[in-house]
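Chemist: Structure for this input, please:
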Amino acid sequence: MMIRSTLAAAAALLTLALAGQAAAQTQVTAKLEQSVAERTRLVAGSAVFWCEGEACVATVSNSRTFIPATCKDIATRFGPVTAFESGSKAFDAARLDACNASAKPMTQAANN
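Modeler: Numbers count the residues shown, from 1 in each chain. So this is what the prediction gives:
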């Protein structure tokens, strides 16, 4: 009986630990000026971003992803970023300008 109680307590603690870890995760979102043609995977800021339409989104468990270098990596790959957010935090205009300094040139629709 003692072993069952110990196992039940251990299982409960493990469940609480995993639930706490999942609750600590947040999304980092980069909104793009130009749509991504097809769903694309990008590793930036030690996180996996899935980019589709006009957004790149990663679910992370720490704040190391919400940094200027991550924004720059996304801008380099997909062009200008119009917003970079995580939870209630967002880059201001100056930080977005710095992020977009490395943005790839926008491609214009072919009219020829």
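
Chemist: Can you show me the strands along this protein?
Modeler: Using DSSP state E, the strands of the chain run over residues 26-44, 47-60, 81-86, 89-90.

Chemist: wouldn't A103 be in contact with T76 here?
Modeler: Yes: here A103 reaches T76: they are 6.8 Å apart, a contact under Cβ atoms under 8 Å. For glycine as for every other residue, the C-beta is placed from the backbone atoms N, C-alpha and C.

Chemist: The two: which has the busier surroundings?
Modeler: Legend: neighbour count by other Cβ atoms under 10 Å for A103 and T76, higher for A103 (20 against 16).

Chemist: Would you check how far apart the more buried one and L32 are?
Modeler: For A103, the distance to L32 equals 10 Å [Cβ to Cβ, to the nearest Å].

Chemist: okay, and the common contacts of those two?
Modeler: G79, P80, V81 (Cβ atoms under 8 Å, 6 or more residues apart in numbering).

Chemist: so can I have JSON lines of the residues you listed showing distance to T40, pLDDT and neighbour count?
Modeler: Converted to JSON lines, the shared contacts of A103 and L32 look like this (distance: Cβ to Cβ, whole Å; pLDDT from 0 to 100; neighbours: other Cβ atoms under 10 Å):
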{"residue": "G79", "distance to T40": "13", "pLDDT": "95", "neighbour count": "19"}
{"residue": "P80", "distance to T40": "16", "pLDDT": "97", "neighbour count": "18"}
{"residue": "V81", "distance to T40": "15", "pLDDT": "98", "neighbour count": "22"}
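
Chemist: Just confirm K31 contacts G53, I think it does.
Modeler: No: using Cβ under 8 Å, K31 makes no contact with G53, being 9.8 Å away.

Chemist: Which one's more surrounded, these two?
Modeler: Taking other Cβ under 10 Å, K31 and G53 do not tie; K31 has more neighbours (15 against 11).

Chemist: okay, the strands of the chain in a markdown table with distance to K72 next?
Modeler: Below are the strands of the chain laid out as a markdown table (distance: least, Cβ to Cβ, whole Å):
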| stretch | distance to K72 |
| --- | --- |
| strand 26-44 | 9 |
| strand 47-60 | 13 |
| strand 81-86 | 9 |
| strand 89-90 | 16 |
